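> Give the three-dimensional model of this entry:
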Amino acid sequence: MSPEQLWLFITLTFIVSASPGPVMLSCMADAGRFGFAKSLYTMLGASTGNLVLMLLSAIGLGLLVEEAEWVFHTIKWIGAAYLVYLGIALFIAKPHDLQGELPDIRSSHLFWKSLLVAVTNPKGLIYFGALFPQFIDIHQPMPSQFTLLTIIFLVTDLLWMAIYALGGSAIMCWLKSPTHQRWFNRISGGALVAAGIALAFTQL
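This next block holds a predicted model:
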């Protein structure tokens, strides 16, 4: 891989990761509700989910999804339904008392929730399956190239997740008001529902 190709990949990854998709919205919402420290498990779950998608793409599942459209639609509808479920649950969530300690939630719950959001996004599978081959030189060892691209993507994506989470964490003082909390939950929940609906209409 030439330096020019590497910089192009980094630029594309930086732009794509910056978009406010379901994972980024989850990071912001979890940090706003439970604090930045807890949202680290959300980020870890999302990164693990993306790593799973990249590995599946590496073994050819991305090509399978392109050839067998029903696989794409099955993953798509599962992911869309789960996002809508998360959005509705957040929309109707009752305000927490943030004057004292932050509300407690199992770290494993945040991890698995975020992982499921990531792996049920079929666009991610197509993205990795279509993008990675464009930057791999078949005349050089492919495992090392794939590893480098994977690390670059995970680090860049994690950076943007942290930025979104810090944004959610920064408004913790504002969220001490139950009224503000309700609005935050409704806006974040509505955004997740919208993301789920958008995913449902995604075409291969």
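
> Now do the helices in the chain.
3-18, 22-34, 36-58, 61-67, 69-91, 107-119, 122-131, 142-170, 178-200 (DSSP state H).

> now those as a markdown table including mean pLDDT and mean neighbour count?
Using the backbone N, CA and C atoms, a C-beta is placed for each residue, glycine as well. A markdown table is the format used below for the helices of the chain (pLDDT from 0 to 100; neighbours: other CB atoms under 10 Å):
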| stretch | mean pLDDT | mean neighbour count |
| --- | --- | --- |
| helix 3-18 | 79 | 14 |
| helix 22-34 | 84 | 26 |
| helix 36-58 | 89 | 21 |
| helix 61-67 | 57 | 16 |
| helix 69-91 | 74 | 18 |
| helix 107-119 | 90 | 19 |
| helix 122-131 | 67 | 20 |
| helix 142-170 | 87 | 17 |
| helix 178-200 | 77 | 18 |
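
> Can you tell me which residue is spatially central in the chain?
Geometric centre of the chain, nearest residue: residue 23, 2.6 Å, by CA atoms, centre = their mean.

> roughly how far apart are the residue of the chain most remote from its centre and residue 6?
What lies farthest from the middle of the chain is residue 139; by CA atoms, centre = their mean that is 32.8 Å. Per CB to CB, to the nearest Å, residue 139 is found 16 Å from residue 6.

> cool, residue 164 as well?
Noted for residue 164: a distance of 26 Å to residue 6, by CB to CB.

> And for residue 106?
Per CB to CB, residue 106 is found 40 Å from residue 6.

> now residue 13
From residue 13 over to residue 6 (counting by CB to CB), the distance is 11 Å.

> Residue 33 now?
Distance from residue 33 to residue 6, by CB to CB: 38 Å.

> Output stretch 158-178 in PDB, but only the C-alpha positions, please.
The C-alpha trace of stretch 158-178 is given here as PDB (Å, rounded to 0.1, in the frame of the first residue of the first chain):
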ATOM      1  CA  LEU A 158     -13.100   5.200  18.900                       C
ATOM      2  CA  LEU A 159     -11.800   8.800  18.700                       C
ATOM      3  CA  TRP A 160     -15.200  10.000  17.300                       C
ATOM      4  CA  MET A 161     -17.100   7.900  19.800                       C
ATOM      5  CA  ALA A 162     -15.200   9.600  22.600                       C
ATOM      6  CA  ILE A 163     -16.000  13.000  21.100                       C
ATOM      7  CA  TYR A 164     -19.700  12.300  21.000                       C
ATOM      8  CA  ALA A 165     -19.600  10.800  24.500                       C
ATOM      9  CA  LEU A 166     -17.800  13.900  25.900                       C
ATOM     10  CA  GLY A 167     -20.600  16.000  24.300                       C
ATOM     11  CA  GLY A 168     -23.200  14.000  26.200                       C
ATOM     12  CA  SER A 169     -21.200  14.100  29.400                       C
ATOM     13  CA  ALA A 170     -20.700  17.800  29.100                       C
ATOM     14  CA  ILE A 171     -24.400  18.500  29.600                       C
ATOM     15  CA  MET A 172     -24.600  16.500  32.800                       C
ATOM     16  CA  CYS A 173     -25.200  19.700  34.900                       C
ATOM     17  CA  TRP A 174     -28.000  20.700  32.500                       C
ATOM     18  CA  LEU A 175     -29.500  17.200  32.900                       C
ATOM     19  CA  LYS A 176     -29.900  17.600  36.600                       C
ATOM     20  CA  SER A 177     -33.300  19.200  35.900                       C
ATOM     21  CA  PRO A 178     -35.900  16.400  35.400                       C
END
